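> Structure for the following, please:
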Amino acid sequence: QVQVVESGGGLVQPGGSLRLSCAASGSTLDYYAIGWFRQAPGKEREEVSCFRSSDGSTDYADSVKGRFTISRDNAKNTVYLQMNSLKPEDTAVYYCATACAGNNPLASWGQGTQVTVSS
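Here you go, the predicted structure:
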């Protein structure tokens, strides 16, 4: 079964950028969609973006459109989330999973990476 591990989180000032990585092992990502989700303290988890390996299509939450870009590196079996123009409200723990729907019971989840946007 595929396993995913996130990395790349950290502390950044408003307007800054970060690139999150979701590295997969155990299977090629050719067979999976990869979704990025986030959960801020006291809030429900929300879907941020999704990459579908079947056709290369992508989705973005309205709150991140135009600022975040999801992409995949086949050679590294990794999906990236490039986050630009970060805002304090982007502060959350970011997770990747092998599904675009957060309630998919078959999805594998990473442990999460903290993103903090603050001056």
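> got the contact list for T113?
T113 is in contact with 6-9, 20, 93-95, counting by C-beta atoms under 8 Å, 6 or more residues apart in numbering. (Glycine included, C-beta is placed from N, CA and C.)
> do that again at 6 Å, thanks
Each residue near T113 by C-beta atoms under 6 Å, 6 or more residues apart in numbering is listed here: 6, 9, 94.
> how deep is D30 tucked in, by neighbour count?
Using other C-beta atoms under 10 Å, D30 has 10 other residues around it.
> Nearest residue to it in space, please, no chain neighbours.
S53 (5.5 Å; C-beta to C-beta, 6 or more residues apart in numbering).
> And that neighbour, what's its pLDDT?
Here, the pLDDT recorded for S53 equals 88.
> Please, which helix or strand holds the most centrally placed residue in the chain?
By C-alpha atoms, centre = their mean, the chain has its centre lying nearest to W36, at 2.8 Å. W36 is located in strand 33-39, with elements delineated by DSSP states H and E.
> Just the residues contacting that strand, thanks.
Counting by C-beta under 6 Å, 6+ apart, 22, 45, 47-52, 79, 81, 92-97, 99-100, 102 sit against strand 33-39.
> what does stretch 63-81 give?
19-24, 29, 34, 36, 48-49, 51, 58, 82-85.
> Recalculate using a threshold of 8 Å.
19-25, 28-30, 34, 36, 48-51, 53, 58, 60, 82-86, 89-90, 94, 96.
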